[in-house]
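Student: just the structure for this:
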Amino acid sequence: MKKITSLLITITMHVTMCFAQAGQDFASKFMQQCNEDTAVQCITVSPKMMEKLTKQAGANHNENIAQAIQKLKSARIVTASTNGNEYFHMAEELLKKNRQRFSRDKDYRNGNHHGTFYTRKTKNGDTVELIMLHTDTVKGNTVIVNLTGDIDNDFISHLTKTFSERTGTIKE
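Tutor: Modelled structure (predicted):
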């Protein structure tokens with residue numbers, strides 16, 4: 001009886017871990033690859049903190065962005081302070097390995113900066129995860145922004161427009 005109970009507990013734990021891993025966002029998967037790499041850092045910004053940032057005095061207040069931020073579940077920012085191009089390519093390879101889950105959306109490039117947007121959509125076409133990869137070839141750093149939640153096309157358009165204005169041209 002003890003063996004059967006132990007076996008059932010083991011199977012239950014294994015199934016639970018499999019489901020938990022399937023539900024991970026991209027930043028979690030990327031950080032697992034960089035497990036003990038001290039050059040890579042990840043911070044999570046809660047929706048409440050994002051809301052506070054949009055309400056700060058002097059901040060550019062855009063009602064559409066504020067509403068979009070309220071629909072987000074999480075924002076995770078991964079930074080690599082050195083060897084940025086290597087981490088950028090590592091992130092892209094991980095995204096390409098998971099093509100059934102993530103699709104490449106837009107690219108941008110100028111002399112010193114380049115980046116790519118990836119999305120994960122539900123079966124009915126709703127965007128539930130947005131990954132923005134960015135690297136600065138002069139400074140040698142990389143930033144990965146991973147947003148999860150109810151992400152609408154207006155929010156994505158506003159972000160791509162902002163990146164285009166700051167870093168170069170967006171290519172579809």
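Student: look up how far residue 135 lies from residue 38.
Tutor: Using CB to CB, to the nearest Å, residue 38 is found at 19 Å from residue 135. The way it works is simple: take the backbone N, C-alpha and C, and place the C-beta from them, glycine included.
Student: looking at these two, which is more packed in?
Tutor: A count of neighbours by other CB atoms under 10 Å puts residue 135 above the other of residue 38 and residue 135, at 23 against 7.
Student: give me the pLDDT value at the more buried one.
Tutor: Looking at residue 135, its pLDDT is 92.
Student: please name the bridge partners of it.
Tutor: residue 114, residue 142 (DSSP bridges).
Student: name the element residue 128 belongs to?
Tutor: Using DSSP states H and E, residue 128 falls within strand 127-136.
Student: hmm, who's touching that strand?
Tutor: For strand 127-136, the external contacting residues (CB atoms under 8 Å, 6 or more residues apart in numbering) are 25-26, 84-85, 87-88, 91-92, 95, 102, 112-122, 141-153, 156, 159, 163, 167.
Student: and the residue nearest the centre of the chain, what does it touch?
Tutor: Most central in the chain under CA atoms, centre = their mean is residue 146, positioned 1.6 Å from the mean C-alpha point. Contact analysis of residue 146 by CB under 8 Å, 6+ apart lists 25, 26, 27, 74, 75, 76, 77, 78, 129, 130, 131, 132.
Student: ok, the fourth one - how many residues close by?
Tutor: Spelled out, it's residue 74. 16.
Student: for residue 81, same thing?
Tutor: Neighbour number of residue 81 under other CB under 10 Å is 14.
Student: swap in residue 112?
Tutor: Residue crowding around residue 112 was assessed by other CB under 10 Å; the count is 12.
Student: nearest spatial neighbour of it, skipping sequence neighbours?
Tutor: Spatial nearest neighbour of residue 112, excluding adjacent residues (CB to CB, 6 or more residues apart in numbering): residue 138 at 4.6 Å.
Student: now do residue 143
Tutor: Nearest one to residue 143, counting by CB to CB, 6+ apart, is residue 134 at 4.7 Å.
Student: remind me which helix or strand residue 69 belongs to.
Tutor: Counting by DSSP H and E, residue 69 is part of helix 63-70.
Student: pLDDT on that helix, on average?
Tutor: Mean predicted confidence for helix 63-70 is 69.
Student: show me what contacts residue 68?
Tutor: Here residue 68 is in contact with 151, 152, 154, 155, 158 (CB under 8 Å, 6+ apart).
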